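Participant: Have a look; sequence and predicted model below, questions after that.
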There are 2 protein chains.
Amino acid sequence: MPTEGHTGRKIIYDEDGKPCRSCNTLLDFKFATGRITSRAALPERAGRESRTIPAQELIPGSKSYAKVEPPDVVELGNSSWNLLHSITATYPSKPSEQKKAEMKQFLTIFSHIYPCSWCARDFEKFIEQNAPKVDSREDLGRWMCEAHNAVNEKLGKEKFDCNFWAKRWKDGWDEN
Amino acid sequence: MPTEGHTGRKIIYDEDGKPCRSCNTLLDFKFATGRITSRAALPERAGRESRTIPAQELIPGSKSYAKVEPPDVVELGNSSWNLLHSITATYPSKPSEQKKAEMKQFLTIFSHIYPCSWCARDFEKFIEQNAPKVDSREDLGRWMCEAHNAVNEKLGKEKFDCNFWAKRWKDGWDEN
């Protein structure tokens, strides 16, 4: 297992000795797991990062920050599901009572402060009717998948098969 | 002010009568504020949504979900800042004592459960050394901007000028 990635950044490993997905770039993660050997394998992100921003689009006084609009409801939703599902992916398999209480409290506060007010109310209602299952990572991962499906249903989207929650949010789709 | 957007979705307004950014799609928001009149003005997202996914990339049994990899540290970071800054944008100007306590607790728990372990420890340290300023939206928005800048600095990125926090995360860059 390498200790340094392509970028020179240190590669972070989980307690079980596997490279940590949410602690490394995808490039370094794939390098550490032997799936790629060269930087050329990930052209998209490299391309995005090196785009030159026209001067009139830059924030006054800044060399690199463009005048990006605040996230809309779709971007905010996608971002928040990214975070929430990733949180379930690193939740302990056998959480202490304190960890369980903390997670319940987090979800309750989340439903109070989520920026989209009608989404927040819907999530609050979902929690009231479907108490968060915090007894294990598997329980919480499935519960979050079902919470997400309640929103998918409301939006007329296909439901996600929650049997795949761990592949989608924790392990990825490769065999190794 | 229109009540329905282009998609047929109801347009959500804030208490001050302005269209709510984090409650509407960018398309509907721009429509409600009179900045666009036609769907053609936003080709990027429309293009992304209508992409056909090759069958071998789909999750078994699914018609629309591709085998997307779990977020890496960069995607997770971007997603989480999207959420955290948007939360500051809708935080009350004059929060109750309960709201203040809730926000402090949220940030503390966030620093415990954030999926990237080393990022979480850094955020926890930042909070210890820079107590969250929760007395008003402006205070919290600036505090979050400074928390983000501490990470920018660590990553060798340019610091964001926090005088622009509200334009970047709440109001946008247009004059009206």
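Facilitator: That came through fine. This structure is a prediction, so every number in the text was calculated from the model and none was measured. Residues are numbered from 1 along each chain as shown, chains lettered A, B, ... in the order given.
Participant: Beyond the lowest-mean-pLDDT helix or strand in chain A, next helix or strand please.
Facilitator: When each helix and strand of chain A is scored by mean pLDDT, DSSP states H and E, helix A:43-49 comes last, with a mean of 47. Downstream of helix A:43-49, the first helix or strand assigned by DSSP states H and E is helix A:73-89.
Participant: mind listing what's buried in that next one?
Facilitator: For helix A:73-89, a neighbour-count test (16 or more other CB atoms under 10 Å in any protein chain shown) marks A:73, A:75-77, A:79-89 as buried. C-betas here are computed from N, CA, C, even on glycine.
Participant: how does chain A divide up, domain by domain?
Facilitator: Taking automatic domain parsing as the reference, chain A has its domains at A:1-68, A:73-171.
Participant: Packed most tightly, which of those would that be?
Facilitator: Most buried of the domains of chain A, by mean neighbour count (mean count of other CB atoms under 10 Å in any protein chain shown): domain A:73-171, with a mean of 17.
Participant: Could you pull up phi and psi at A:E128?
Facilitator: Torsion angles at A:E128 (phi, psi; degrees, to the nearest 10) stand at phi -60, psi -40.
Participant: any idea how far B:E102 is from the spatially most central residue of chain A?
Facilitator: Nearest to the mean C-alpha position of chain A, by CA atoms, centre = their mean, lies A:N82 at 2.9 Å. Distance, A:N82 to B:E102, by CB to CB, to the nearest Å: 23 Å.
Participant: same deal with A:R21?
Facilitator: Distance from A:R21 to B:E102, by CB to CB: 30 Å.
Participant: Is any residue of stretch A:73-81 near chain B?
Facilitator: Yes. Using CB under 8 Å from any CB of the partner chain, stretch A:73-81 reaches chain B at A:73-76, A:78-80.
Participant: Now flag whichever of the residues you listed is closest to chain B.
Facilitator: A:S79 (3.8 Å; CB to the nearest CB).
Participant: what's that closest one in contact with, if anything?
Facilitator: By CB atoms under 8 Å, 6 or more residues apart in numbering or on different chains, A:S79 lies in contact with A:71, B:78-80, B:82-83.
Participant: What of A:Y65?
Facilitator: A:Y65 neighbours (CB under 8 Å, 6+ apart): A:58-59, B:158, B:160-161, B:168.
Participant: Would you reformat the residues you listed as TSV and include distance to B:K30?
Facilitator: Formatted as TSV, the contacts of A:Y65 follow (distance: CB to CB, whole Å):
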residue	distance to B:K30
A:L58	22
A:I59	20
B:E158	28
B:F160	24
B:D161	25
B:R168	17
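Participant: Between all of those residues, which two are separated the most?
Facilitator: Farthest apart among these by CB to CB are B:E158 and B:R168. That separation is 13.6 Å.
Participant: Please save the CA atoms from stretch A:133-147 in PDB.
Facilitator: Coordinates of each C-alpha in stretch A:133-147 appear next as PDB, following Å, rounded to 0.1, in the frame of the first residue of the first chain:
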ATOM      1  CA  LYS A 133     -32.700   3.700  12.900                       C
ATOM      2  CA  VAL A 134     -29.400   4.300  14.600                       C
ATOM      3  CA  ASP A 135     -28.500   0.900  16.000                       C
ATOM      4  CA  SER A 136     -25.900   0.100  13.300                       C
ATOM      5  CA  ARG A 137     -24.400   1.400  10.200                       C
ATOM      6  CA  GLU A 138     -26.500  -0.900   8.100                       C
ATOM      7  CA  ASP A 139     -29.700   0.200   9.800                       C
ATOM      8  CA  LEU A 140     -28.800   3.900   9.400                       C
ATOM      9  CA  GLY A 141     -27.700   3.500   5.800                       C
ATOM     10  CA  ARG A 142     -31.000   1.800   4.900                       C
ATOM     11  CA  TRP A 143     -33.000   4.300   6.800                       C
ATOM     12  CA  MET A 144     -31.400   7.200   5.000                       C
ATOM     13  CA  CYS A 145     -32.000   5.400   1.700                       C
ATOM     14  CA  GLU A 146     -35.600   5.200   2.500                       C
ATOM     15  CA  ALA A 147     -35.800   8.800   3.600                       C
END
